[in-house]
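Trainee: Sequence isn't available, so here's the structure alone:
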């Protein structure tokens, strides 16, 4: 009887170990599915300026006017995206947001490279940063109305706006403003 009970005990332990291994593997697979996000996530849109935007921006070389023009163009892109969101034309929303991001990249790069007059550059960076603040809640409203597969890009865009605001404000705390 004792040999039979030992055999049962060993057999039960093996079954228990295999069940534990199977359970842990299934938990790993399920957790990796949640970590990856939705499988049908839309790829990010193409960041591209339109030809008219490019000519308008290249025709304006004064920092103040160029910043105001860029913010107006970004605002019009965002208004179009909001309109397309209410029409449920999500591919056009995505295209407008890609253009919005391209305008933001173009403007921050232009402002950071401008060295004509430090005071003018800082004023333009400040105006740009203040303008960027107004766009985040509007993009958040668009994100709430979009299907879930567009959400990863929209969250990244909101974070990207914050990063660009930080880049603009870093110039106020660099060595060029306060000398040693």
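Mentor: Perfect, I can see it now. Here the structure is a predicted model, which means the values were calculated and not measured. Residues are numbered from 1 along each chain as shown.
Trainee: and residue 82, how far is that from residue 67?
Mentor: Per CB to CB, to the nearest Å, residue 82 is found 22 Å from residue 67. Quick note: C-beta positions are derived from backbone N, CA and C, even for glycine.
Trainee: Between the two, which has more neighbouring residues?
Mentor: The neighbour count for residue 82 versus residue 67, taken as other CB atoms under 10 Å, is higher for residue 67 (24 against 17).
Trainee: So for stretch 47-58, mean pLDDT?
Mentor: When pLDDT is averaged over stretch 47-58, the result is 90.
Trainee: Which positions within it qualify as buried?
Mentor: Buried residues in stretch 47-58, counted by 16 or more other CB atoms under 10 Å: 49, 53, 56-57.
Trainee: tell me the domain ranges of this protein?
Mentor: Following automatic domain parsing, the chain resolves into domains at 1-36, 51-173.
Trainee: Nearest to residue 43 among those domains would be which one?
Mentor: Between residue 43 and the domains of the chain, the shortest gap by CB to CB is with domain 51-173, which sits at 7.9 Å.
Trainee: for the protein, what are the low-confidence residue spans?
Mentor: Along the chain, the parts satisfying pLDDT under 70 run over 1-12, 16-39, 116-118, 174-180.
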